[in-house]
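Q: okay, sequence plus prediction incoming.
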Amino acid sequence: MSQIRVRFAPSPTGYLHIGGARTALYNWLFARKHNGVFILRIEDTDTDRSTQASIDEILDGLRWLGITWDEGPYFQSHFIAEHQKAAQQLLERGHAYKCFCTKEELEAKRDEALRKKIDYKYDKACRKLSPQEIKEREKQEIPYVVRFKVPESDGSVVFDDLVYGRIEKKYADIEDFVILRSDGKPLYVLSNAVDDYRDRITHVFRGQDGLANTPKQILIYNALGYELPQFAHMSLTLDTKKAKISKRKHGDVVTVKYYKEHGFLPWALCNFLALLGWSNSESRELFTREELIEAFDISGISKSNAIFNYTPGDPKNWTDPKAIAINARHMSMMDVRELAPYVRDELRIAGLWDERYEHELREWFLSTIDLIRTRFHTLKDFATLGRPYFSDDFSYDEVAVQKNLKKDPQLKEYLLQLADRFERLPSFTVEASEHEVRQLSEQLGIKAGILINAVRTAVTGQAAGPGLFELLRAIGKERVVNRLRKAAHIFFQ
RNA sequence: GGUCCCAUCGUCUAGUGGCCUAGGACGCUGGCCUCUCACGCCGGAAACACGGGUUCGAGUCCCGUUGGGACCA
C-alpha cells in the first residue's frame, strides 16, 4: 500500500478545543506510527465566521501540543473554483441537476410534511424537469442550487468504517442533497471530498459527527470517479450532561490555550486526550511521546462517546481529575532537565526567575525542582507552593503556624538555638543539620518531630513539604538561619 | 420527525460464548511507611440499562424496550 496520508481539517470559527485537539492527535499518532504524512487543512470557506485570530489560535495550540504537520496549512478557500468545477462535472455527467425551487416553496413543503408528521425529503421536483423547462428557467435567470442525483434503485451505500464496522445506508433514505448554493458557494460535503481527493488522503479520520455525511460523500467520490479512502470515525467528547463540548457553553476550560496557561505540560494533555476514547490491551495509561506512537492502534478506539469529567467551580477539579493526575505523574517522572524550561517559564511569569539558575546555579536549580516536584499537580505549583525555595518573600499558612509554632511558646527559644547551631556549622549538609536537630531534641527531651515540623513551617511557611533536612539544604544555610530568627520574632510575643 | 450510531463502577476503560466471584486507572476511602505532605505499598466501597430469546452455558450473539448522541430538517 502506498504511503498513508491523513489530515486534520478544522474550521477556524473559534478556539482550538480539546475535542478538536484529540481528533488532530489521533490523526497525528496514526501518521507517525505508520511513517505517513499528516496534513493540516483549514476549512475557512465560511467567510462570515472564520477569523485570522482563530487560525492563529489553532496553529499555536497544535504547535504547543507538539502535533506537527508535514504539509500545509492548506486553505480550503483557495480551492473554491475547483469545488465548483467538480459540481460542473457532476452536472455534465448527469450526476447532478439544477434545482430552481425557491426557499419559500421548499419551506412550505417542509412545514406541510412536519404538520402531517411525515419525513421530509426534497421531492425531486426539479429532477424531473425537461431540458426545455430548464432552458426556460435559465433564460429567466431564476437562481438555482445544484443537487446531487441520488440513485433511485433499491440499493444502498455500504462501507466499512475502521471503528464502527459495516455501515449501510439505503439510497431511498438519502435525499437529493445540495452541493452548490445559489450564490455559487460549494457545500461542505462536496468541498471536503474534493479536497481529500486532491490531498490524496488515504484515511479519513474524523469525529463521529461526520459519520452521517459519509454515505453522501461516497456517492460524490463514486460519481467523480475518485478512489475511496478508508474511513474511521471516532467517538465524541461530551460534557457531564452529555452535550457536545463547546467554548460557548463551557468557557475556557475546553480550550487548549487554557491548559497552556494553567500549568499543563503539553504532552500530559495529549496523553490524557489519547485516553479519552482509546485504550490499549495492556491497560497502560502513562506514555511518553514515542511510547504512545508505538502503542497507538485504531482497534483500541472506542465506539461510545466519552465524557469530559470536570466540575465547574471546583478549584480542585477545575478540569478532569484524571488529566490533573496524568500531568502530575509526568511532572514527577520526566527527566528533570526536560522539566526545567517549563518551570523557568512559570517562575518568569511569577517574577521569581533568576538567570543564574541556568548557569552557576543550574545544579542547585535542578536538584531543587527535583526535590519538590513529586507533590505538585501543575507547573503553577512551582511558583506558589514552591515560592519559598526561590524567594524570601513568601506567606505563612495560618493553620500551619498555629499547629507547628504557636502551640508551644518555648519553640521561640528552640528556633533561636537552632539558628545559632546551624550558623556555626562549617558545612550545611543533610547529615549535619539532621544531627543538630536530633541532638537538640534529645537535650531538650522532646520529640524530634516537634522541632522538625516547627522548622519546616518557620522556613517555608507550610505544614507539608519534602523531608526537612533536604529541604534545608536546598534553601541554604544563610536563608534558613535568617528565617528561623525572623519566625522567632514575628510569631512569639 | 426521519436516518445512522452507541450503551460495563461517579469518570476513562478491559472484556470478541466458559479463564468473570467482572479486571485496571482516576477520584473517594481504611491502613502501612514516616518529621509533615506527596510518592510507594497493602486493603475497601463502587458497574454489565431493562425485557425476551439462542445456547449445556451470555457482560459477550439475536430481537425488542428504554436511555443517550450525531446528522438531516
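A: Done, it's in.
Q: near RNA strand B, which residues of the stretch 251-400 of chain A?
A: For the stretch 251-400 of chain A, the residues found near RNA strand B under the criterion Cβ under 7 Å from any atom of the strand are A:275-279, A:281, A:283, A:285, A:300, A:302-307, A:309, A:320-322, A:324-325, A:332, A:374-375. Placement of C-beta: from N, CA and C, glycine included.
Q: before we move on, what SS does the residue in the stretch 1-150 of chain A that RNA strand B sits nearest to have?
A: Using Cβ to the nearest atom of the strand, the single residue of the stretch 1-150 of chain A nearest to RNA strand B is A:D119, 3.7 Å away. Classification of A:D119 by DSSP: H, G, I helix; E, B strand; the rest coil places it in coil.
Q: pretty sure it contacts A:A113?
A: Yes. When contacts are counted by Cβ atoms under 8 Å, A:D119 is listed as touching A:A113 (6.9 Å).
Q: higher neighbour count, the two?
A: Per other Cβ atoms under 10 Å, whichever of A:D119 and A:A113 has more neighbours is A:A113, with 14 against 9.
Q: before we move on, which element is the more buried one in?
A: Following DSSP states H and E, the helix or strand that holds A:A113 is helix A:103-115.
Q: hey, C-alpha coordinates of that helix in CSV?
A: C-alpha atoms of helix A:103-115 as CSV (Å, rounded to 0.1, in the frame of the first residue of the first chain):
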residue,chain,number,x,y,z
LYS,A,103,-36.7,28.9,-0.5
GLU,A,104,-40.4,29.7,0.1
GLU,A,105,-41.6,26.7,-1.9
LEU,A,106,-39.3,24.4,0.0
GLU,A,107,-40.2,25.7,3.3
ALA,A,108,-43.9,25.3,2.6
LYS,A,109,-43.3,21.7,1.7
ARG,A,110,-41.3,21.1,4.7
ASP,A,111,-43.8,22.7,7.0
GLU,A,112,-46.5,20.6,5.5
ALA,A,113,-44.5,17.4,6.0
LEU,A,114,-43.9,18.4,9.5
ARG,A,115,-47.6,19.0,10.1
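Q: give me the subset of the residues of the stretch 251-400 of chain A next to RNA strand B that lies in strands.
A: A:A306, A:I307 (DSSP state E).
Q: filter the residues of the stretch 251-400 of chain A next to RNA strand B down to just the ones in helices.
A: A:L275, A:P321, A:K322, A:I324, A:A325, A:S332 (DSSP state H).
Q: count the neighbours of the residue of the stretch 301-450 of chain A found nearest RNA strand B for me.
A: Distances between the stretch 301-450 of chain A and RNA strand B by Cβ to the nearest atom of the strand are smallest at A:S304, namely 2.9 Å. Burial measure for A:S304: 10 neighbouring residues, criterion other Cβ under 10 Å.
Q: ok, now which ones touch it?
A: By Cβ atoms under 8 Å, 6 or more residues apart in numbering, A:S304 lies in contact with A:S235.
Q: in what helix or strand does the residue of chain A most remote from its centre lie?
A: No residue in chain A sits farther from the centre than A:Q443, which is 56.8 Å out by Cα atoms, centre = their mean. Using DSSP H and E, A:Q443 sits in helix A:430-444.
Q: so which bits of the next helix-or-strand element following that helix are buried?
A: Downstream of helix A:430-444, the next assigned helix or strand under DSSP H and E is helix A:448-460. Using 16 or more other Cβ atoms under 10 Å as the burial criterion, the residues of helix A:448-460 that qualify are A:A448, A:I450, A:L451, A:I452, A:N453, A:A454, A:V455, A:R456, A:T457, A:A458, A:V459, A:T460.
Q: tell me the contacts of the residue of the stretch 1-150 of chain A closest to RNA strand B?
A: Contacts of A:D119 by Cβ under 8 Å, 6+ apart are A:A113.
Q: switch to 10 Å and redo it
A: Each residue near A:D119 by Cβ atoms under 10 Å, 6 or more residues apart in numbering is listed here: A:A113, A:D173, A:E175.
Q: and the last one, how far from RNA strand B?
A: With distances defined as Cβ to the nearest atom of the strand, to the nearest Å, the gap from A:E175 to RNA strand B amounts to 6 Å.
Q: likewise the second one?
A: Distance check for A:D173 against RNA strand B: by Cβ to the nearest atom of the strand, it reads 4 Å.
Q: close to RNA strand B, is the one helix or strand A:Y26 maps to?
A: According to DSSP H and E, A:Y26 maps onto helix A:18-33. No. For helix A:18-33, no contact with RNA strand B is found by Cβ under 7 Å from any atom of the strand; the gap never falls below 10.2 Å.
Q: chain center to the helix holding A:Q443: distance?
A: 49 Å (Cα atoms, centre = their mean, to the nearest Å).
Q: let me know the average pLDDT across it.
A: For helix A:430-444, mean pLDDT is 88.
Q: one step back: can you show me the CA trace of the very next helix or strand once past the helix holding A:A113 as CSV?
A: Remark: after helix A:103-115, the chain's next helix or strand is helix A:131-139, criterion DSSP H and E. Extracted in CSV, the C-alpha atoms of helix A:131-139 (Å, rounded to 0.1, in the frame of the first residue of the first chain):
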residue,chain,number,x,y,z
PRO,A,131,-34.3,20.2,-21.0
GLN,A,132,-36.7,22.6,-22.4
GLU,A,133,-38.0,23.6,-19.0
ILE,A,134,-34.5,24.0,-17.7
LYS,A,135,-33.6,26.3,-20.6
GLU,A,136,-36.6,28.5,-19.9
ARG,A,137,-35.7,28.9,-16.3
GLU,A,138,-32.1,29.7,-17.1
LYS,A,139,-33.2,32.3,-19.6
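Q: elements contacting the helix or strand following helix A:131-139?
A: Of the helices and strands lying after helix A:131-139 in sequence (DSSP H and E), the nearest is strand A:145-148. For strand A:145-148, the packing partners by 3 or more Cβ pairs under 10 Å, 6 or more residues apart in numbering; DSSP states H and E come out as helix A:80-92, strand A:96-99, strand A:178-180, helix A:188-198, helix A:214-224.
Q: would you mind giving the ones you listed as JSON lines with mean neighbour count added?
A: Formatted as JSON lines, those follow (neighbours: other Cβ atoms under 10 Å):
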{"stretch": "helix A:80-92", "mean neighbour count": "17"}
{"stretch": "strand A:96-99", "mean neighbour count": "22"}
{"stretch": "strand A:178-180", "mean neighbour count": "23"}
{"stretch": "helix A:188-198", "mean neighbour count": "22"}
{"stretch": "helix A:214-224", "mean neighbour count": "20"}
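Q: can you check which of the ones you listed gets nearest to A:I58?
A: Closest to A:I58 of the helices and strands packed on strand A:145-148, according to Cβ to Cβ: helix A:188-198, at 16.9 Å.
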